[in-house]
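Asker: Here is my input, please return the structure:
(one chain, ligands or ions: 2)
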Amino acid sequence: MWSLRMRSSINENGIERHISGAEGIYNLNELEIFLKKFLKRAIEHPIGMPDKIVFTVEKIKEPIQNVKVLPLKTIFCNSPEEAYEVIKENILKIGVSEKALYKAWEVIRNYKMRGATIIDSLSGDRLEPDKERGVRVSRIQMDKNRKIQILRKIKNLTNQPQRVIEALTLASKVASLDDVVAEICVSDNPDYTTGYIASRKLGYLRITNIKKEGESIGGRAFFVKTPLNIEKLIYFLEKTPVIVI
Ligand code: WAQ
Ligand code: MG
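Answerer: Ligands and ions are numbered 1, 2, ... in the order given. Now for the predicted structure:
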């Protein structure tokens, strides 16, 4: 099996601004199709046309781990304020402090990162070594039959089912770790206003109207228990190949 990754960016006054990325695990004869798909995605992104697209194609040598998919549910909210209340209520009850949630929200609102911030679920401290980039979850794929089942379930709930599949795949890998208490995610696409919170206890809770239409804020935060081996956590998230079943 092969790991395929794409990231695209645009140079703005000497600063490389991330536009989009994609990840997958494929066999050799699928690679060409997905290279084309990822290229199309890079050049058709609503944020704009990139001036740099990087593809990484790597043969996977480690054993691939299976991780169970999180159960999916949608909570309909009418405004970002209502969404925040729903998030707060759910996330506090599984052991994330208000301070930590506030910190995550602040990072998501104010920084454009390529990856996720890692936040101490109690103190609210940021723990990722590279605070500009964050941690990028990679080497993930959803099992084909599971994908078909999820697509059937969400077809009337979203106009971008592929986005849900990818987010659910990522969230299932992240939530599989005992060190992780929860995740919160807001898409950085101005036209995509459904976000989610996820954990083994809550499952994958889609939250509509997590931000206002047209806003380009977005990001991800992983809330973790401390003390923990942060290098080991990051290695698993970035490097260990996982199929979500
Ligand atoms: N690993 C870690 N963080 C990432 C990754 C990754 N592989 N990809 C993106 N991020 C971070 C980064 O900070 C982005 O700005 C942010 O997440 C949002 O990324 O159920 O589309 O790709 O309807 O815009 C969730 C809701 C959609 C789906 C999430 O995220 C649903 C989404 P985006
Ligand atoms: Mg995006």
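Asker: what residues are up against Thr74?
Answerer: Going by Cβ atoms under 8 Å, 6 or more residues apart in numbering, Thr74 touches 157, 194, 205-206, 208. Yep, even glycine has a C-beta here, placed from its N, CA and C like the rest.
Asker: and the protein, which of its residues are near ligand 1?
Answerer: Within the chain, the positions near ligand 1 by Cβ under 6 Å from any ligand atom are 21, 23, 113-116, 136-137, 158, 163-164, 167, 170, 185, 187-189, 192, 194-196, 206, 218-220.
Asker: Report the entries of these that also contact ligand 2.
Answerer: 188-189 (Cβ under 5 Å from the ion).
Asker: On the three-state scheme, Glu30 is what?
Answerer: Reduced to three states with DSSP: H, G, I helix; E, B strand; the rest coil, the structure at Glu30 is helix.
Asker: Listing partners with orientation, what would you give for the helix or strand bottoming out on mean pLDDT in the chain?
Answerer: Between all helices and strands in the chain, the lowest mean by mean pLDDT, DSSP states H and E belongs to strand 15-26, at a mean of 93. Strand 15-26 has its sheet partners listed here by DSSP bridges as strand 2-12 (antiparallel).
Asker: Quick one: mean pLDDT for the strand it pairs with?
Answerer: With pLDDT averaged residue by residue, strand 2-12 scores 96.
Asker: how does the protein divide into domains?
Answerer: The chain breaks down into these domains under automatic domain parsing: 2-61, 66-244.
Asker: the helices in this structure, which residues?
Answerer: In the chain, the helices defined using DSSP state H lie at 31-43, 80-93, 98-110, 144-154, 161-175, 230-239.
Asker: Format those helices as TSV; extra columns: distance to Asn11 and mean pLDDT.
Answerer: Converted to TSV, the helices of the chain look like this (distance: least, Cβ to Cβ, whole Å; pLDDT from 0 to 100):
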stretch	distance to Asn11	mean pLDDT
helix 31-43	15	97
helix 80-93	31	98
helix 98-110	22	98
helix 144-154	35	98
helix 161-175	26	98
helix 230-239	25	98
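Asker: so of the ones you listed, which one's packed in deepest?
Answerer: Among these, ranked by average contacts under mean count of other Cβ atoms under 10 Å, first place goes to helix 161-175 (a mean of 22).
Asker: Just the residues contacting it, thanks.
Answerer: Outside helix 161-175, the residues within contact range by Cβ under 8 Å, 6+ apart are 22-23, 67-70, 72, 137, 140-142, 147, 150-151, 154-155, 157-158, 180, 182-183, 185, 187, 192, 196, 198-200, 204, 206, 222, 237, 242, 244.
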